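Participant: predicted structure and sequence below. I'll ask about it afterward.
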Amino acid sequence: MKGFKKKIGLLHLWLGIASGLIICIAAITGSLLVFEKEIDSTLNPDYYNVSEIGTQKKSLDFCVDILQKEYGIKEITRISTFSNPSRTIQIVGKDSDKKVHLFSVNPYTGKVQASTLQKSRFFAVVLEIHRQLLMGETGSIIMGTSCLVFVFMLISGLILWWPKKVKNLKQRLQIKWDASFKRVVWDLHSTIGFYSFFILLIISLTGLFFAFNWFQNGVLYLADGNTKRPSAKIENPTKTDPGLIKTDFYQSIYDQSDNLFLYKGNIQIRMPADTINSILVLKENTERLIPHQSSAAYFDKYTAENIEARPYKSFSTGDKLKRLIYPIHTGSLYGWPTKIIALLVSLLAATLPGTGFLIWLGKKKKKAK
């Protein structure tokens, strides 16, 4: 057992040194993203809320027409509407140079309250750092591998922390503040790691779900007994634009979606990124406590006719689990209580590489003497 712990300790040490900085970056950016909506809506209220709630909303096509005529938007990629009457409509579109813009539109007047390049948004940059370190696919591999290493660090840390005798357990559960600096650092590292172990393990494992296809397929196989998923895309039945006058195109899709799923919810219209597939609409059920419980509907991108409707209740266990992974990972599963827990644990996780490095320095100095 002693030899096993020694080997685990060496792996824990050197993998921690190798991945410490990346883990710290992931933890800090992750803690910022926990309260992204709350922070962003406070700093940039025009992107989220109208100053006065009107009596009647403009059609989505009216709002899109303004963006096309006054802002030179050539292609609409996403429209997000909200059941909260004080919320703005958020529309994402590309200009003639293929630059992606985010617009916040007053649904009662059609006026654009705020706009920005999508990639220049603060939290868009934070998210890219969190997922890719601003390094594209290479960064994704580095972050995914570091996440996998961190799972090992958590498990190996628990093995190293576990006392030989049960009577010493109480001592391991507290920080001896009146001890030497070296001992306090060790206590901080080990107790923080222990008390945050379970939550950090969940956050890390859900992070692996986004990082690696093999991990995602494994989870879905455990849920459904297979890795076959119904396609999230449906080929558009109309192959060429028939040249119809589409005066209420987007509004028609919105109205049909709202009537297909009879509950209060946010509706998001996603235009296909290619020339083959149809329009996807998601309606999130805001009457439920758990977020991301969305039904899906598909529409012809030329005629706005409904192709297929998929209620949330028809999804497989794996599909439902897949939609739960994101709110679990971000701590938004049960609103503020779980968000606060996720924030605190993420900030504590950011300290672990630092205290681990100090422990290593202390051992290095001791060996030098």
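Facilitator: Arrived safely.
Participant: report the buried residues of stretch 241-260.
Facilitator: Going by neighbour count (16 or more other CB atoms under 10 Å), the buried part of stretch 241-260 is 249-254, 256-258, 260. (Glycine included, C-beta is placed from N, CA and C.)
Participant: contacts for it?
Facilitator: Outside stretch 241-260, the residues that touch it by CB atoms under 8 Å, 6 or more residues apart in numbering are 59-61, 64, 76, 79, 81, 267, 269, 279, 281, 283, 295, 297, 299, 302-304, 306, 309.
Participant: what does the average pLDDT come to for it?
Facilitator: Stretch 241-260 carries an average pLDDT of 91.
Participant: would you mind writing the CA trace of that stretch as CSV?
Facilitator: Below are the C-alpha coordinates for stretch 241-260, written out as CSV (Å, rounded to 0.1, in the frame of the first residue of the first chain):
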residue,chain,number,x,y,z
ASP,A,241,-36.2,28.7,-53.4
PRO,A,242,-39.6,28.9,-55.0
GLY,A,243,-39.4,32.7,-54.9
LEU,A,244,-42.4,33.2,-52.7
ILE,A,245,-43.1,36.5,-51.0
LYS,A,246,-42.2,35.9,-47.4
THR,A,247,-43.8,38.9,-45.6
ASP,A,248,-44.4,37.0,-42.3
PHE,A,249,-41.8,34.2,-42.6
TYR,A,250,-40.1,34.3,-39.2
GLN,A,251,-43.3,35.3,-37.4
SER,A,252,-45.1,32.4,-39.0
ILE,A,253,-42.4,30.0,-37.7
TYR,A,254,-42.7,31.5,-34.2
ASP,A,255,-46.5,31.3,-34.1
GLN,A,256,-46.5,27.7,-35.3
SER,A,257,-43.9,26.7,-32.8
ASP,A,258,-45.8,28.4,-30.0
ASN,A,259,-48.9,26.5,-30.9
LEU,A,260,-47.2,23.2,-31.3
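Participant: what's the offset of that stretch from the middle of its chain?
Facilitator: 30 Å (CA atoms, centre = their mean, to the nearest Å).
Participant: just the strands in the stretch 251-369 of the chain please.
Facilitator: 265-270, 279-285, 294-299, 306-310 (DSSP state E, counting those that start in this stretch).
Participant: quick one: closest of those strands to Leu11.
Facilitator: strand 294-299 (41.5 Å; CB to CB).
Participant: chain center to the closest one: distance?
Facilitator: Worked out by CA atoms, centre = their mean, strand 294-299 lies 21 Å from the chain centre.
Participant: just the angle between it and strand 279-285, please?
Facilitator: Going by axes from the mean of the first three to the mean of the last three CA atoms, to 10 degrees, strand 294-299 is angled at 150 degrees with respect to strand 279-285.
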